[in-house]
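Enquirer: what's the 3D shape of this:
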Amino acid sequence: MNTTLTPSQFTSPDIRPSGPAGIQTPPVELEPAGTPSWSHRILPPFVRGLLADLGWWQDPAPQPPSTHLEQTLAVLKRYGWCQSLDVTPTGRLCIRGAQNVLEKTGHTTPADRERAVHYMQEALGEAGITMQFFAWNDLPDQQFSAVEALLTEAARLARENGE
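Expert: Below is the predicted model of the structure:
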């Protein structure tokens, strides 16, 4: 689906891509393979390394920016979205917190994460928004549907550029 988003879709809570004749399509459920489990989130990297050396653990392969953005959205759907904190005491995450989890658990490299941030900033810029994505995430009237639209559009931009 190659839908171009408008600036209002990053701020309006109920915008969904339209199908033929303006029919609203249901949201697509993303659950990319390799979304980190709770145990993967809490194990320190050195413990995962020891377990991998023993053959009891298989670290995930780092993903390109488009997949990283899709995984970020999947993490937010799985554990819950929040504002103002990277991770809440109950385990909900903001965009940056979800990216931290994916990087910490080996699902992305710092360079690919930075490319993903570039695509988020590009998507916001196309909508006329000049603030950093993490500040935009924390706006008082922000809704998860706008975060979902941003991550989906940024992933589309990354795929269009072969990433």
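
Enquirer: Report the residue spans of this protein with pLDDT below the cut-off.
Expert: Flagging of the chain using pLDDT under 70 yields the residue ranges 1-43, 45, 48, 51-52, 55-60.

Enquirer: quick one, helices of the protein?
Expert: Taking DSSP state H, the helices of the chain run over residues 38-42, 45-53, 65-79, 95-104, 110-126, 133-137, 144-160.

Enquirer: among the ones you listed, which is the most enclosed?
Expert: Neighbour counts averaged per stretch over the helices of the chain are highest for helix 65-79, at a mean of 24; criterion: mean count of other CB atoms under 10 Å. The way it works is simple: take the backbone N, C-alpha and C, and place the C-beta from them, glycine included.

Enquirer: Can you spell out which helices and strands pack onto it?
Expert: Here helix 65-79 touches helix 95-104, helix 110-126, helix 144-160, going by 3 or more CB pairs under 8 Å, 6 or more residues apart in numbering; DSSP states H and E.

Enquirer: and the spatially closest residue to residue 80 that is not a sequence neighbour, how many neighbours does it have?
Expert: The shortest distance from residue 80 to any residue other than its chain neighbours is 3.7 Å, reached at residue 92 (CB to CB, 6 or more residues apart in numbering). Per other CB atoms under 10 Å, the neighbour tally for residue 92 reads 16.

Enquirer: Over to residue 54?
Expert: Other residues near residue 54 come to 8 when the count uses other CB under 10 Å.

Enquirer: State the distance from it to residue 47.
Expert: As defined by CB to CB, to the nearest Å, residue 54 lies at a distance of 11 Å from residue 47.

Enquirer: And for residue 154?
Expert: 32 Å.

Enquirer: Residue 102 too?
Expert: Residue 102 is 18 Å from residue 47, where distance means CB to CB.

Enquirer: Kindly report the same for residue 69.
Expert: For residue 69, the distance to residue 47 under the criterion CB to CB works out to 28 Å.
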